[in-house]
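A predicted structure for the sequence below; I have some questions about it.
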Amino acid sequence: MDATELARRLLYPIPAHQTLGLEVLRAADGAAEVAAETPPALTNVIGSLHSSGLITLVDAAGLAAIIAACEEPGGFDGVVPLGAAARLQFHAPARGRLVASCTLSDDARTAVAAVCTGAANRARTTTEAEVSDAEGVVVCRGTFDWSIRRR
């Protein structure tokens with residue numbers, strides 16, 4: 001299911017996403033891409049996006065992929081994904097337009113889909129995202145551990 005519009009509706013109101021200028025490019029079939037232009041106000045001492053901006057991209061890409069794992073419209077209603085832990089690995093300065101991509105593993109997609117359909121009340125999963133610059137250089141990789149439940 002293409003959940004791009006749903007991911008946009010759910011992610012855009014989050015203050016950290018607004019500060020970063022987050023765009024949801026795609027969210028479908030358990031995969032997502034989000035992007036942002038590096039805002040000067042969020043750069044570090046070398047002019048690279050601060051780690052807080054990079055974790056925002058990693059978090060948003062994972063969350064959009066989770067949203068995109070629901071197989072039916074309305075399946076995400078009542079689903080509460082909560083972050084439990086996050087890890088980042090820095091590979092290069094993060095400057096300019098950055099794109100974070102995340103594709104759920106088959107096991108993660110199945111677990112999330114079960115919560116979306118109501119077949120399960122809870123799931124735990126880990127998302128992995130890669131952040132690349134406009135030249136395709138991977139600047140950061142990150143993981144996010146999630147606890148997902150149905151209200």
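That came in fine, so what should we check first?

got the buried residues for stretch 144-151?
Phe144, Trp146, Ile148, Arg149, Arg150 (16 or more other CB atoms under 10 Å). (Glycine included, C-beta is placed from N, CA and C.)

could I get that stretch in CSV with only the CA atoms?
C-alpha atoms of stretch 144-151 as CSV (Å, rounded to 0.1, in the frame of the first residue of the first chain):
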residue,chain,number,x,y,z
PHE,A,144,16.2,2.7,15.9
ASP,A,145,14.6,0.1,18.2
TRP,A,146,10.8,0.4,18.4
SER,A,147,8.1,-0.8,20.7
ILE,A,148,4.8,-0.8,18.7
ARG,A,149,1.5,-1.4,20.2
ARG,A,150,-2.2,-1.0,19.4
ARG,A,151,-4.2,1.2,21.7
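
distance from that stretch to the middle of the chain?
Mean C-alpha position of stretch 144-151 versus that of the full chain (CA atoms, centre = their mean, to the nearest Å) differs by 13 Å.

with stretch 71-79 instead?
For stretch 71-79, the distance to the chain centre is 17 Å (CA atoms, centre = their mean).

buried residues of it, list them for me.
Neighbour-count burial for stretch 71-79 [16+ other CB under 10 Å]: Gly75, Phe76, Val79.

phi and psi next, for the first one.
The phi and psi values for Gly75, taken as degrees, to the nearest 10, are phi -60, psi -20.

same question, Gly136
phi 90, psi 10.

ok, Thr56 next?
phi -60, psi -40.

related to what we said a few turns ago, now the buried residues of stretch 144-151 as CSV including secondary structure and distance to Val45?
Listed next are these as CSV, based on DSSP: H, G, I helix; E, B strand; the rest coil; distance: CB to CB, whole Å:
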residue, secondary structure, distance to Val45
Phe144, strand, 26
Trp146, strand, 32
Ile148, strand, 37
Arg149, strand, 40
Arg150, strand, 44
